[in-house]
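> give me a 3D structure for the following:
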Amino acid sequence: MAHVIIAGGGMSGLSLAWYLKHQAKGWQITILEAEGRVGGKAWTEKKDGFLMERGVNGVLDNKPSTLELAASLGLNPLRSNDASRIRYVVRQGRLVRLPSSPLEFMRSPVLSWAGKLRLFLEPFIKQAPKGLDESLASFAKRRLGDEAYRYLIDPMASGIYAGDPERLSLRACFPRIHELEMEYGSLIRAMIRLQKEAKKAGGKDVSAGPGGVLTSFKGGMEEMVAALNQSLKDNIVLNAKVESVEPSGDGWQVHTKDGRSFSGSHLVLGLPAYEAAKAIKNAAPTLSRLFSHLEYPPIAVCAFGIKKEKIKASLKGFGFLCPFCESRNILGALWDSSVFESRAPEDYHLIRCLIGGMRNRHILSLPDSRLKELALSDLRDLMGLRALPDLGLVFRWERAIPQYHTGYMDLIDQIKREIRKLKGIFIRCNWIGGVSLNDCVANSRRLAENMASGKEDVRF
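The predicted structure is shown next:
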């Protein structure tokens with residue numbers, strides 16, 4: 001009988017185990033989790049009537065994977081409020097609402113008239129050579145102009161990856177945008193064509209960027225973690241940090257930090273790339289070196305509970321992002337109590353500020369008290385905060401989001417070639433196949449199907 005050992009109990013490992021349990025009947029499954037809890041960055045904190053996400057705050061419903069799994073677990077989704085469709089960006093020291101239609105865009109101060117006119121030249125810009133692994137910054141400046149890059153594309157990259165657009169790969173991070181340029185030669189021409197086709201088919205509007213409605217659960221993302229934990233409780237071993245793995249007969253031997261060993265016919269690395277590199281160093285040194293190329297920036301989440309009367313701004317919206325050129329302390333702020341109901345007591349706002357990232361990673365060396373001071377300084381300046389918050393917590397992620405830098409696609413091809421030299425080993429984590437929770441769950445389902453059907457050529 002097959003015995004699958006999953007090293008890592010984040011959402012990728014948990015969802016993979018759940019799918020295997022239902023698709024590979026009779027298989028033994030063991031999840032080895034280094035910490036005293038499962039769920040990874042899906043982690044909800046509750047204090048004094050506030051419900052705060054330490055990490056991911058929801059999923060978009062434009063991709064069904066996570067919500068389909070939630071339905072199978074008997075969970076009821078919670079859609080974000082209509083106010084969350086309103087988003088802001090910082091420009092010249094003030095919050096500017098992002099336009100949601102062409103007419104709003106023409107009236108909006110988010111770009112100067114020169115910046116808008118440069119944007120309209122996009123259909124006449126020559127497309128990139130096929131096969132070029134272009135950075136997001138290079139693509140945006142080439143097709144949209146420097147101003148649109150600085151105030152529209154740069155903050156988007158910070159919001160999703162906390163990354164440096166000069167290093168992020170367009171093809172790896174935003175494959176749909178890359179495909180539209182390759183197929184239509186222009187993003188504007190692509191949108192016009194696709195909108196016409198959608199109208200003929202009676203479908204919804206299309207977009208090159210992420211769409212859909214942000215969705216969570218009444219008890220936060222921890223609700224889904226708890227449901228998976230309950231379903232898989234007999235398969236989970238906590239406080240079992242994987243230190244090394246080695247081939248053993250027709251399978252794998254896994255050794256943990258506390259001296260225990262586990263034997264299995266299949267091994268799935270559900271660990272961050274840097275941990276996977278350590279674990280496999282002796283068994284497959286070439287793979288280990290390849291894994292080590294992945295970078296993870298540090299991020300801190302500063303969560304504040306603030307009396308509504310202490311803020312001038314209405315906080316009707318999702319929040320705001322700070323372009324790098326604005327030289328702010330924070331990457332942006334999420335107005336969680338405006339996005340989801342029951343996130344804060346009635347008379348309070350819950351605001352979470354993100355700080356750090358690839359271009360400001362050294363700021364995480366500061367103590368919590370200083371990080372809170374820096375975040376509050378920006379809130380005073382941008383939102384009219386008039387007093388100290390009643391609640392202030394800092395959640396740190398020393399290595400947060402894997403960065404898909406230029407060269408990433410070639411790196412994955414090399415990993416794919418190397419891992420096929422080994423029998424019975426697989427990878428399922430957010431450093432391959434997309435960083436979003438939706439991507440992780442969809443990839444887990446697909447991998448479970450392939451493993452259950454014996455497809456050894458598919459390893460992640």
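> so how far is the first residue of stretch 217-224 from its last?
Between the start and the finish of stretch 217-224 there is a gap of 8 Å, counting by CA to CA, to the nearest Å.
> no wait, stretch 162-169
From start residue to end residue, stretch 162-169 stretches across 14 Å - CA to CA.
> what do you get for stretch 229-246?
Start and end residues of stretch 229-246 are separated by 28 Å (CA to CA).
> check stretch 43-61 too.
20 Å.
> how many neighbouring residues does residue 31 have?
By other CB atoms under 10 Å, the residues close to residue 31 number 26. All C-beta atoms are positioned from the backbone trio N, CA, C, and that covers glycine.
> and the helix or strand containing it, what's buried?
Here residue 31, judged by DSSP states H and E, is contained in strand 28-32. Going by neighbour count (16 or more other CB atoms under 10 Å), the buried part of strand 28-32 is 29-32.
> what of stretch 352-370?
Going by 16+ other CB under 10 Å, stretch 352-370 has these buried residues: 352-361, 363-364.
> likewise stretch 287-300?
Quick answer for stretch 287-300 (16+ other CB under 10 Å): 287-288, 290-291, 294-300.
> sorry, back to before: any idea how far the strand holding residue 31 is from the chain center?
Centroid displacement of strand 28-32 relative to its chain, using CA atoms, centre = their mean, to the nearest Å, is 25 Å.
> so the spatially closest residue to residue 150 that is not a sequence neighbour, which of the three states?
In space, and not counting its chain neighbours, residue 150 is closest to residue 325: 4.9 Å by CB to CB, 6 or more residues apart in numbering. Following DSSP: H, G, I helix; E, B strand; the rest coil, we place residue 325 in the helix state.
> residue 325 and residue 158, how far apart?
Distance, residue 325 to residue 158, by CB to CB, to the nearest Å: 11 Å.
> so between the two, which is more surrounded?
residue 158 (24 against 15).
> just checking, that one touches residue 355?
No. Using CB atoms under 8 Å, residue 158 is not in contact with residue 355; the gap is 11.0 Å.
> what do those two both touch?
Applying CB atoms under 8 Å, 6 or more residues apart in numbering, one finds that residue 158 and residue 355 are jointly contacted by residue 331.
> residues of the helix or strand where residue 198 lies that come out buried?
For residue 198, the host element (DSSP H and E) is helix 187-200. Under the neighbour-count criterion of 16+ other CB under 10 Å, helix 187-200 has 187-188, 190-191, 194 buried.
> what of stretch 302-313?
Across stretch 302-313, burial judged by 16+ other CB under 10 Å covers 302-306, 311, 313.
> so for that stretch, mean pLDDT?
Summarised as a single mean, pLDDT over stretch 302-313 is 94.
> straight-line length of it, end to end?
Stretch 302-313 has an end-to-end distance of 19 Å (criterion: CA to CA).
> again, but for stretch 262-277
Stretch 262-277 has an end-to-end distance of 19 Å (criterion: CA to CA).
> hmm, residue 257 is touching residue 243, no?
Yes. Under the criterion of CB under 8 Å, residue 257 makes contact with residue 243 at 5.0 Å.
> more neighbours, these two?
Ranked by neighbour count (other CB under 10 Å), residue 257 and residue 243 place residue 243 first, with 15 against 12.
> quick one: the strands in the stretch 351-460 of the chain?
Under the criterion DSSP state E, counting those that start in this stretch, the stretch 351-460 of the chain contains strands at 391-397, 425-427.
> mind checking which of those strands is nearest residue 279?
Among these, strand 425-427 comes nearest to residue 279, with 10.8 Å by CB to CB.
> returning to what we had before: could you give the average pLDDT over the helix holding residue 198?
88.
> for it, output the C-alpha coordinates as CSV.
Output of helix 187-200 as CSV, limited to C-alpha atoms (Å, rounded to 0.1, in the frame of the first residue of the first chain):
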residue,chain,number,x,y,z
LEU,A,187,-3.1,45.1,-24.4
ILE,A,188,-5.6,47.7,-25.5
ARG,A,189,-6.4,45.9,-28.7
ALA,A,190,-6.7,42.7,-26.7
MET,A,191,-9.2,44.2,-24.3
ILE,A,192,-11.3,45.6,-27.1
ARG,A,193,-11.4,42.3,-29.0
LEU,A,194,-12.1,40.2,-25.9
GLN,A,195,-14.8,42.6,-24.7
LYS,A,196,-16.5,42.3,-28.1
GLU,A,197,-16.3,38.5,-28.0
ALA,A,198,-17.6,38.5,-24.4
LYS,A,199,-20.6,40.6,-25.3
LYS,A,200,-21.5,38.4,-28.3
